[in-house]
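*Asks:* Here you go, sequence then predicted model.
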Amino acid sequence: MKKLVTTVAAVGMLVGGFASSPGVGTAAAGTTARDATQSHAPGYTPPPIVWGQCASASLQNAGARCGLLTVPLDYAKPRAAKIKIAVSRILHKTSDANAQGVMLVNPGGPGASGLGLARLGESVPNNAGDPYDWIGFDGRGVGSSQPSLSCDGDYFGGPRPYYVPQTTALLRAWWNKTRQYARDCGAAGGALLDHVKTTDWVNDMESIRKALGADKINYYGFSYGTYLGQVYSTLHPDRVRRMVWDGVVNPADVWYEANLNQDIQFDKNIKIYFDWLAKHDDVYHLGTDGAAIEDLYYSIQQQLRRHPFGTLGPDEWNDIFIGAAYYVFGWEDVAQVFAAAKAGDLGPARDAYGDPTGPGADNNYANYLAVQCTDVQWPLAWSKWARDNWALHRTSPFLTWNNAWYNAPCRHWPGRVGKPTKVNGARVPGVLLIEETNDAATPWAGAIEVRKRYPRSVLIEGVGGTTHAGSLSGVSCTDDRIATYLLTGALPARLPGKRSDVQCDPVPQPDPTPAAGAAAKRASGSTVQDRLPADLRQIITQASTVR
């Protein structure tokens, strides 16, 4: 069992890797601070952020500065215990007169580190990111924030019990495993677990805004980050300037139903991937029929159930393929693993899964649960979980039980549970929504629901695509509209009806790559013509797919 890196009572020191050089945050150009009593969390005014050197070389090279923001553990008790939020900043590249304020960024998860996304502005076309101060941050409990939550760094070590609980022994193994993880988090997290709801993160965003002296914020959110933007804009509509939400969460089904709805589309998307492999049998030699390739996938999974290959078992095999149902990014890499396994070599699969263990390795997962398990009460009765998941498994077996066990610690979670914010965008200015038709992580219905709740929003659809949160990937139809909106505030015309307002090509499926050329192609960044540097794209993709 791993403990919190620091305790709530001892968070005065800087996070390791931040330099202690002084420097106080200044107000963004053209903005002024407003009375703190107008905040959703009245009575707390944060101290200035002391900016120093970032630990990350990529942030250093981009000219970023990093610091820690002191906030209350419990905003209802602003003078009591404090924690610290890690923040990064890259200042605007235009003149102060042409600056457009602060742009907060969140990669999703919840639970993913967002410090690196201060660099996102460099990837917006037409220099449209230049007028903004780009602000990355690690949510409470995440990454370099203090305390940083970890419950059991070895939780994802393989091989794990087979996901599909076909026997009483498997069922009890997963019951025990998920219950123990929740207990470990209770021991590690203590009082923090009562204060990591989405609304707590929103209060921290307000504290960031105040510390930066900004009257309003701009915001770019991916995946869960779109829900964070929804709740922020609902509670603070007067603080919203411009917002981009990519991979739109449905606020009507947080969070148990949301995970069930994912399972259906994930099963459809992995079939799309297998069909792509069938079209390129000349490269991967996996067969010419997608259904037969799907059968091969499950055959190898059952082989690994009977005879695990070191740390690689049936669950780890399943986890390797999840990314192919989330994104087109990395399709060739998974294909190489699959082709090697068909030929009898499971080494590449074992290497692809890697070793997801070690001190703090579960930080993303622990914080994912900390937010989702306390935003809303999850069903406690196992009979409901069993009924719902067995019904889905019959038609959508690819991810159903993986997803169920991933979230099962919520049945035992020790944090105090709240009620979801009723998302309402009636008073919010225009928001730009981006969604691909077959996004599995945040299914299409969610984008339509949010568009309805935000009457000034506009929805761009990547028609037919399967990629989740894939903006700034080089599709000019989408990316140029993002740039125009960020530069001018202008949105495309909103159309009547329950539909998208603009239809664009999706992120393109990659060209197949023979094994001999795969490494060179990855190194050149030419797998997809992505505007984002590989490390930034990895931050966003791993925010959703870490298992």
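*Replies:* That came through, no problem. These figures come from a predicted structure and were not determined experimentally.
*Asks:* Does anything pack onto the longest helix seen in the chain? Which helices or strands?
*Replies:* As assigned by DSSP state H, the longest helix anywhere in the chain is helix 256-279. Contact partners of helix 256-279 among helices and strands, from 3 or more C-beta pairs under 8 Å, 6 or more residues apart in numbering; DSSP states H and E: helix 290-306, helix 314-326, helix 331-342, helix 382-395, helix 400-407. Heads up, the C-betas are built off the backbone N, CA and C, glycines and all.
*Asks:* and the one helix or strand residue 233 maps to with helix 256-279, angle?
*Replies:* Per DSSP states H and E, residue 233 falls inside helix 224-235. Interaxial angle of helix 224-235 relative to helix 256-279 (axes from the mean of the first three to the mean of the last three C-alpha atoms, to 10 degrees): 150 degrees.
*Asks:* Could you identify the helix or strand that succeeds the longest helix of the chain?
*Replies:* Immediately after helix 256-279, counting by DSSP H and E, sits helix 281-284.
*Asks:* For that next one, give the mean pLDDT please.
*Replies:* Taken as a whole, helix 281-284 has an average pLDDT of 97.
*Asks:* so what secondary structure elements neighbour that helix?
*Replies:* helix 331-342.
*Asks:* any idea of the mean pLDDT for the helix it packs on?
*Replies:* Mean predicted lDDT for helix 331-342 stands at 98.
*Asks:* Contacts for the next helix-or-strand element following that helix, please.
*Replies:* Downstream of helix 331-342, the next assigned helix or strand under DSSP H and E is helix 347-353. Outside helix 347-353, the residues that touch it by C-beta atoms under 8 Å, 6 or more residues apart in numbering are 158, 309-312, 316-317, 319-320, 333-334, 336-337, 340-341.
*Asks:* Can you tell me which of those is nearest residue 397?
*Replies:* Proximity to residue 397 was ranked across the contacts of helix 347-353 by C-beta to C-beta; first place goes to residue 317, at 13.5 Å.
*Asks:* Got the confidence number for the closest one?
*Replies:* You'll see residue 317 listed with a pLDDT of 98.
*Asks:* tell me the contacts of it?
*Replies:* Residue 317 makes contacts with 300-301, 304, 349, as judged by C-beta under 8 Å, 6+ apart.
*Asks:* Now distance to residue 45 too, for the helices and strands packed on helix 256-279, in a markdown table please.
*Replies:* Compiled in a markdown table, these are given as follows (distance: least, C-beta to C-beta, whole Å):
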| stretch | distance to residue 45 |
| --- | --- |
| helix 290-306 | 55 |
| helix 314-326 | 40 |
| helix 331-342 | 48 |
| helix 382-395 | 44 |
| helix 400-407 | 37 |
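*Asks:* Residue 247: which of these is closest?
*Replies:* Closest among the helices and strands packed on helix 256-279, using C-beta to C-beta: helix 314-326, at 9.7 Å.
*Asks:* List just the one of the helices and strands packed on helix 256-279 that sits closest to residue 114.
*Replies:* The nearest among the helices and strands packed on helix 256-279, by C-beta to C-beta, is helix 314-326 at 18.7 Å.
*Asks:* List the buried residues for that closest one?
*Replies:* By neighbour count with 16 or more other C-beta atoms under 10 Å, helix 314-326 contains the buried residues 314-326.
*Asks:* what's the helix holding residue 233 packed up against?
*Replies:* In terms of contacts (3+ C-beta pairs under 8 Å, 6+ apart), helix 224-235 is packed against strand 102-106, helix 198-211, strand 217-222, strand 240-246, strand 431-436.
*Asks:* For residue 71, what is the enclosing helix or strand?
*Replies:* Following DSSP H and E, one finds residue 71 within strand 65-72.
*Asks:* Next up, the contacts around residue 74.
*Replies:* Contacts for residue 74 (C-beta under 8 Å, 6+ apart) come out as 80-81, 194-195.
*Asks:* Excluding chain neighbours, what is closest to residue 87?
*Replies:* Nearest residue to residue 87, sequence neighbours excluded (C-beta to C-beta, 6 or more residues apart in numbering): residue 137, at 4.8 Å.
*Asks:* who touches the one you found in this structure?
*Replies:* By C-beta under 8 Å, 6+ apart, the contact list for residue 137 reads 69, 85-88, 104, 106, 114-115, 204-205, 208.
*Asks:* Could you dump these into a markdown table and include distance to residue 181 and pLDDT?
*Replies:* Listed next are these as a markdown table, based on distance: C-beta to C-beta, whole Å; pLDDT from 0 to 100:
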| residue | distance to residue 181 | pLDDT |
| --- | --- | --- |
| 69 | 29 | 98 |
| 85 | 25 | 98 |
| 86 | 25 | 98 |
| 87 | 29 | 98 |
| 88 | 30 | 98 |
| 104 | 31 | 98 |
| 106 | 25 | 98 |
| 114 | 24 | 97 |
| 115 | 26 | 97 |
| 204 | 25 | 98 |
| 205 | 28 | 98 |
| 208 | 31 | 98 |
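*Asks:* Now residue 93, what are its backbone angles?
*Replies:* phi -100, psi 0 (degrees, to the nearest 10).
*Asks:* That one against residue 134, yeah?
*Replies:* No. Using C-beta atoms under 8 Å, residue 93 is not in contact with residue 134, being 10.1 Å away.
*Asks:* The two: which is more packed in?
*Replies:* More crowded of residue 93 and residue 134, by other C-beta atoms under 10 Å: residue 134, with 26 against 16.
*Asks:* for that one, phi and psi?
*Replies:* Dihedral pair for residue 134: phi -90, psi 130, per degrees, to the nearest 10.
*Asks:* What pLDDT does the model give it?
*Replies:* 98.
*Asks:* which ones are touching it?
*Replies:* The neighbourhood of residue 134, defined by C-beta under 8 Å, 6+ apart, consists of 89-90, 103, 105, 117-121.
*Asks:* Count the neighbours of the residue nearest to residue 82 when sequence neighbours are not counted for me.
*Replies:* Leaving aside its sequence neighbours, residue 82 sits nearest to residue 70 (C-beta to C-beta, 6+ apart; 5.2 Å). Using other C-beta under 10 Å, residue 70 has 19 other residues around it.
*Asks:* unless I'm mixing things up, residue 476 is touching residue 482, no?
*Replies:* No. Residue 476 lies out of contact with residue 482 (C-beta under 8 Å); the separation is 10.3 Å.
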